[in-house]
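> I would like to see how this sequence folds:
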Amino acid sequence: MSLNGNRPEVFASVASLSNPIGSRPQSARALQGFDFALFMSALVLVVFGLMAIYSEASGRQDPKNFERQLVNTMIGLVPGLVMYFVNPKFWQRVSWALYGIMVSLLLVTLFIGKEIKGSQRWIDVGPLQFQPSEAAKLLCILTMASFFANRELDIKKPLLFLLGLLHIALPMFLTFKQPHLGATMVLFVAWLAISFVAGTPLKFYGILFAGLLAVGIVAWKVPAVKDKLFQGYQLERVQGLLSKKKDRRGDNYQTDRAEIAFGVGGVTGTGYNRGVQKAKGFVPEQRNDFIFTVVGEEGGLVGCSVVLAAFAFFFYRIFLVMTDAEDIYFRMMAAGVFAILGFQMFVNLGMLLQIVPVVGLWLPFMSSGGTAIWLCLGCVGLLLSIRQRERRILY
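Here you go, the predicted model:
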């Protein structure tokens, strides 16, 4: 299917730039363009996540964690509704303001952020904890898509490629300083996806990756450079992955316990809310990066397959939003959402399978965390808004 093909059923953008909310259709017409399949797939994942967190919290006799996640999910409806009702073209008009807000939040975090386990990533906002690096993922999508959309005629020029790199370099650097290697990688992947959909020549990526490979080799081979760039625990995790050595409290302890949890689950699992690994606290940070081990132990292969099928359908719906979009700006935003959520899922599950190092990336919709679920629901609202304005006839 051609991304630029013309179809008579596709409407032009319905909202004026002078009106950020845009003229809304009557309720019957509004429902005609609403992507119920996308909405329901996201809702199913949210429910799966709440079920897993409830089971983990009840096993550790810590109901407050589930209550917090439930409240955070309710709060997450706010960014979801804002992204849905506001015309995406509005974000293009205020992209530089959004970029300034993003950089300011990341800078403030380095100075007044709350430090937890050696990382300074959180800002206390009353009773809530806000993680600017998570908000930066969505803000980067909006600002990068605007950057390329405003310069569509220059997309083949090397200068624009370099300017695009500079656009993402500052938030990546500030995120890396927290330190948060996982979020830094997500921002880079989002830039790759958006710039690729914008039409950046492939040869530019070849030059970029050749340079990154050379820098990576030097950084790994020269101890002084390696120690300067990476934290000690980050190096230990990489070395632990490469060694595959089993031990009781070593670098692979979390992933080894995750492997045991999946093994205990077998084909059909131990049954909902009957997992032993969570009750005994054998899997550290299980409600966050390792929440899928609850599914693996209690649902077994069957439960894991159901959840993964739900993720597959959700990403299929995002793919349709991206490929059906007539507007290049909308297409780039959908590609950015696909990239950040897809990369998060791939790396999170890869950590459990011990094919990538533990880099602190949560599983979309399922891991515990306020800003994480707010980001996911905000992304869903943005996708539904794009779908609403691009297409009136659903499949």
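
> from here on, just use CA atoms for contacts and neighbour counts.
OK.

> which one's the longest strand in this structure?
Ranked by number of residues, the top strand in the chain under DSSP state E is strand 119-125.

> okay, now the sheet partners of that strand, with direction.
Sheet pairing for strand 119-125, assigned by DSSP bridges, gives strand 114-116 (antiparallel), strand 128-130 (antiparallel).

> for the stretch 51-200 of the chain, give me the ranges with low pLDDT.
59-61, 118 (pLDDT under 70).

> can you list the buried residues in the longest strand of the chain?
Buried residues in strand 119-125, counting neighbours by 16 or more other C-alpha atoms under 10 Å, are found at 120-123.

> same thing with stretch 124-136?
Within stretch 124-136, the residues that count as buried by 16+ other C-alpha under 10 Å are 130-136.

> and residue 368, how many residues sit next to it?
Residues lying near residue 368 (other C-alpha atoms under 10 Å) number 28.

> is the closest residue to residue 370 other than its chain neighbours in a helix, a strand, or coil?
Using C-alpha to C-alpha, 6 or more residues apart in numbering and skipping the chain neighbours, the partner closest in space to residue 370 is residue 72 (5.1 Å). At residue 72 the chain is in helix, as set by DSSP: H, G, I helix; E, B strand; the rest coil.

> got a list of what residue 72 touches?
369-370, 373-374 (C-alpha atoms under 8 Å, 6 or more residues apart in numbering).

> and the helix ranked longest in the chain, how far out from the chain middle?
Longest helix in the chain by number of residues (criterion: DSSP state H): helix 292-324. In terms of C-alpha atoms, centre = their mean, to the nearest Å, the centre of helix 292-324 is found 15 Å from the chain centre.

> same for that helix, what does it pack against?
Contacts defined by 3 or more C-alpha pairs under 8 Å, 6 or more residues apart in numbering; DSSP states H and E place helix 292-324 against helix 36-59, helix 253-265, helix 328-352, helix 370-390.

> may I see those organised as JSON lines, with distance to residue 140 and mean neighbour count added?
Output for those, formatted as JSON lines (distance: least, C-alpha to C-alpha, whole Å; neighbours: other C-alpha atoms under 10 Å):
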{"stretch": "helix 36-59", "distance to residue 140": "22", "mean neighbour count": "20"}
{"stretch": "helix 253-265", "distance to residue 140": "31", "mean neighbour count": "21"}
{"stretch": "helix 328-352", "distance to residue 140": "9", "mean neighbour count": "23"}
{"stretch": "helix 370-390", "distance to residue 140": "12", "mean neighbour count": "25"}
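
> reformat the strands paired with strand 119-125 as a markdown table; add distance to residue 312.
A markdown table is the format used below for these (distance: least, C-alpha to C-alpha, whole Å):
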| stretch | distance to residue 312 |
| --- | --- |
| strand 114-116 | 33 |
| strand 128-130 | 29 |
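
> out of those, nearest to residue 40?
The closest of those to residue 40 is strand 128-130. By C-alpha to C-alpha, the value is 26.9 Å.

> can you tell me the distance between the two ends of stretch 58-66?
Separation of the first and last residues of stretch 58-66 by C-alpha to C-alpha, to the nearest Å is 8 Å.

> and if you look at stretch 270-283?
End-to-end span of stretch 270-283 (C-alpha to C-alpha): 16 Å.

> what are the buried residues along it?
Residues 270, 273-279, 282-283 are the ones in stretch 270-283 that count as buried (16+ other C-alpha under 10 Å).

> show me the contact partners of it.
Outside stretch 270-283, the residues that touch it by C-alpha under 8 Å, 6+ apart are 55-56, 58-60, 254, 257-258, 261, 264, 286, 290, 294, 297-300.

> mind redoing it with 7 Å?
Residues from elsewhere that reach stretch 270-283 (C-alpha atoms under 7 Å, 6 or more residues apart in numbering): 55-56, 59-60, 254, 257-258, 261, 297-299.

> now distance to residue 171 too, for those residues, in TSV please.
Listed next are the contacts of stretch 270-283 as TSV, based on distance: C-alpha to C-alpha, whole Å:
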residue	distance to residue 171
55	36
56	34
59	39
60	37
254	30
257	34
258	32
261	37
297	38
298	39
299	39
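
> if I pick the residue lying closest to residue 172 once chain neighbours are set aside, what's in contact with it?
Nearest residue to residue 172 in three dimensions, chain neighbours excluded: residue 184, at 5.1 Å (C-alpha to C-alpha, 6+ apart). Residues near residue 184 by C-alpha under 7 Å, 6+ apart: 172, 175-176.

> about what we covered before: hey, least reliable of the helices and strands packed on helix 292-324 by pLDDT?
Comparing mean pLDDT across the helices and strands packed on helix 292-324, the weakest is helix 253-265, with a mean of 80.

> dump the contacts of residue 184 into CSV; add distance to residue 357 as well.
Formatted as CSV, the contacts of residue 184 follow (distance: C-alpha to C-alpha, whole Å):
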residue, distance to residue 357
172, 19
175, 18
176, 16
